[in-house]
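J.: Sequence and predicted structure are below.
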Amino acid sequence: MSSHSESHYPHDMWVFPDAQSTTQDVAGKTASTPGILKLGLAIAGVLAILGVVGFVLRMTTDGFSDYGAWGYYAAIFSYIFVITSSAPLVAVAFRLTKSHWRRPISRISELFALVGVVNVILYIPLIYLLPPINNPNFVPGMHGELQIRKTIWMEVPFGAPHLWDFLGIISLAVLSLVILWVSVVPDLAEARSSASGWRNKLYALLAGHWYGTKKQWIHQKISLALLGALYFMMVVFVHFLIVSDFAMSLIPGWKDSILPPLYTVTGFQSALSIILIIAFTMRKWGGYEKYFGTSVFWSASKIQIGLTLLWTYHLFAFFITLWYGRMELEQNILRYLMFESYSWIFWLNVIFIFLVPFWILVWNPVRKTAWGPALAGISILIGNLLFQIRMFVGAFNAGDIYHLGLFKVPPPVFPDLWDVFIVLGGIGLVAFIYLIGTRILPALAVWEVKEGAMYQKMDTLYRGEYLVLAKPE
Amino acid sequence: MAKSPILGLFKDANAAADAGDALKSSGVSENDIDFLTDAPYPEGAFGEREEKHRLYLFPFIGATLGLSAAILLTSMTQLAYPLVTGGKPILALPAMAVVSYEGTMLGAILFTCLGVIFESRLPKLKSGLYDTRITEGYIGVLASVEDGDLDQTRGILNQAGADDVKTEG
């Protein structure tokens, strides 16, 4: 690792990993489980078990007929789904734009594919919970009641909404796993020579065909580009399906074109945040400091602040549309989700997802640190959880969904003990699976870091020392 | 005569590129020379042949089939239950849009995943000639030559500066 002390940037702004030792170093880190990680696994495991207990008790006390009782379950599903489905995009998008700083965080992002399976499992109860589109109690001439509730599934085509939503979530899970596999194959092929036991067998099974020929590298590059483009097109669409079917269509009279993009921006903002938190943790306590320069955080923080501002713009657009219309039914939606029933959650949501991260990230010296963007990320994740609770608990408890509109502002629904268990359990389950994933697959894209090391060096220009970056494409 | 693989290991990428040129000059076909690396080098860095691929065809075929299936499904459903809603035509495009988009994407995704596996020629049951030093940054120059030319090829690779030359067996 060469230094660049003459540079006017901090000494750890850019790092130059030694390509020769990277494979062995990362393979060694993957195979070992330090004490702090064991503790993390134990905590995550206990939380996951609490979640299962909460789920079982919720099921036995309320069953699946009263969907209102499952608002917090829907909120935590949505929280996990929107973050973990967006996370692989960080690798995909910045690889497509050839942003070299993304190299150390690519695998952190791709490993969230493993959580895609959790999304599929957590979604299954929601299939039974989603009320029918056709009003079962409809009588022609009934005042204020709809025969078919407001939904994006006009004419209710075959399988709508359950089958299409489920196919969307499964396709995202499969696609992200294929992206992970295509990306991780070169690293597994390299690690298979030093791996032993089950690890050797698994690596040989997944990457036995890989030798690093020119043809294989080109196929890998094209495959990642194609799969990445498809993933982007699909994830935005599935976000649209989930937030429309499980939030918007369950609040009578709520028609809003801003909500799906707001939901997606929330996902992108949170996904980048959780990746930066993991990167900070790996750098600080995981022994990966020689792979993560501060430049990774500095570059990502600019995207993060952009997404934070975009979130606020979308929130304002969401508010102003309904407020400007001055229709009482739409004003009731604002009162319900923002200014009366869930007002304190709304304001905390705004503070954590906008004010705090904006105030942290607006300072360039803070953006140039590793802790600044990670700290802003923690705030954003808290804000996102509050957003999901506001939207989904609100939607699941908004009253008669076949009404023309929200004639009365419903009261807020607070969590009981089982809800708390379910929320904590969801977070624990994701952490557990992700941590297990980092013990099986390398948490650093070795081939990508090596490629990056080949293209950059420090050089002098007059009296300053600067990063020189080759861009072969 | 049967062809056998021979692998030269180079510490220096320039020497590996020179070895490739020397092999071509000695009459080894461009298609029989490959470069094994631990990271993706820029295309043409070793003066190698241009690799062709057909991966982009798979998403197009899948998307076309998926869109066709989705349009068939939605239009046939609407025609089978011809209910006029809000004065809109029976075959209304907005009502078909969501399913059509998802059908297109599902088809494209499925075919692309299959295409990735097919173009990688998986599963591969026979392992090839390799050396773990490639994972440490060495460049492997892999040539497939006739058995009688193995000694001559070994000489060319050594002359180009190979640290080691390996053959099967």
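T.: Received the coordinates, thanks. Residues are numbered from 1 along each chain as shown, chains lettered A, B, ... in the order given.
J.: okay, and for the stretch 101-250 of chain A, where does confidence drop off?
T.: Counting by pLDDT under 70, the stretch 101-250 of chain A shows no low-confidence range.
J.: do that again at 80, thanks
T.: Low-confidence segments of the stretch 101-250 of chain A, defined by pLDDT under 80: A:141-144, A:154-157, A:193-194.
J.: Then chain B?
T.: B:1-2, B:83-86, B:121-127, B:169.
J.: Quick one: name whatever helix or strand follows the helix or strand that contains B:T153.
T.: Remark: B:T153 resides in helix B:150-159, with elements defined by DSSP states H and E. Using DSSP H and E, the helix or strand that follows helix B:150-159 in sequence is strand B:164-167.
J.: And the contacts of that following strand?
T.: Residues outside strand B:164-167 that contact it (C-beta atoms under 8 Å, 6 or more residues apart in numbering or on different chains): B:4-9, B:129, B:131, B:133, B:150, B:154, B:157-158. Where C-beta positions appear, they are placed from N, C-alpha and C, glycine not excepted.
J.: ok, so of these, who is nearest chain A?
T.: B:L129 (8.4 Å; C-beta to the nearest C-beta).
J.: Now for the spatially closest residue to A:L262 that is not a sequence neighbour, how many residues are close by?
T.: Spatially, and ignoring its direct neighbours in sequence, A:L262 is nearest to A:H314 (4.0 Å; C-beta to C-beta, 6 or more residues apart in numbering or on different chains). With neighbours defined by other C-beta atoms under 10 Å in any protein chain shown, the count for A:H314 comes to 19.
J.: how close does A:H314 get to chain B?
T.: As judged by C-beta to the nearest C-beta, to the nearest Å, A:H314 and chain B stand 21 Å apart.
J.: cool, A:L441 as well?
T.: 16 Å.
J.: before we move on, what about A:L262?
T.: Applying C-beta to the nearest C-beta to A:L262 and chain B gives a distance of 19 Å.
J.: quick one: that residue and A:F316 touch, right?
T.: No. Assessed by C-beta atoms under 8 Å, A:L262 is found out of contact with A:F316, at 10.1 Å.
J.: ok, back up a step: Throw the contacts of strand B:164-167 into JSON lines and include distance to chain A and neighbour count, thanks.
T.: Listed next are the contacts of strand B:164-167 as JSON lines, based on distance: C-beta to the nearest C-beta, whole Å; neighbours: other C-beta atoms under 10 Å in any protein chain shown:
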{"residue": "B:S4", "distance to chain A": "16", "neighbour count": "18"}
{"residue": "B:P5", "distance to chain A": "11", "neighbour count": "17"}
{"residue": "B:I6", "distance to chain A": "14", "neighbour count": "24"}
{"residue": "B:L7", "distance to chain A": "10", "neighbour count": "23"}
{"residue": "B:G8", "distance to chain A": "14", "neighbour count": "28"}
{"residue": "B:L9", "distance to chain A": "13", "neighbour count": "19"}
{"residue": "B:L129", "distance to chain A": "8", "neighbour count": "17"}
{"residue": "B:D131", "distance to chain A": "9", "neighbour count": "17"}
{"residue": "B:R133", "distance to chain A": "10", "neighbour count": "18"}
{"residue": "B:L150", "distance to chain A": "20", "neighbour count": "18"}
{"residue": "B:R154", "distance to chain A": "20", "neighbour count": "18"}
{"residue": "B:L157", "distance to chain A": "17", "neighbour count": "26"}
{"residue": "B:N158", "distance to chain A": "22", "neighbour count": "14"}
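J.: can you pull the buried residues of the longest helix seen in chain B?
T.: Identified as the longest helix of chain B according to DSSP state H is helix B:93-119. Neighbour-count burial for helix B:93-119 flags B:95-96, B:98-113, B:115-116, B:119 (criterion: 16 or more other C-beta atoms under 10 Å in any protein chain shown).
J.: Since that was my last question, I'll sign off now.
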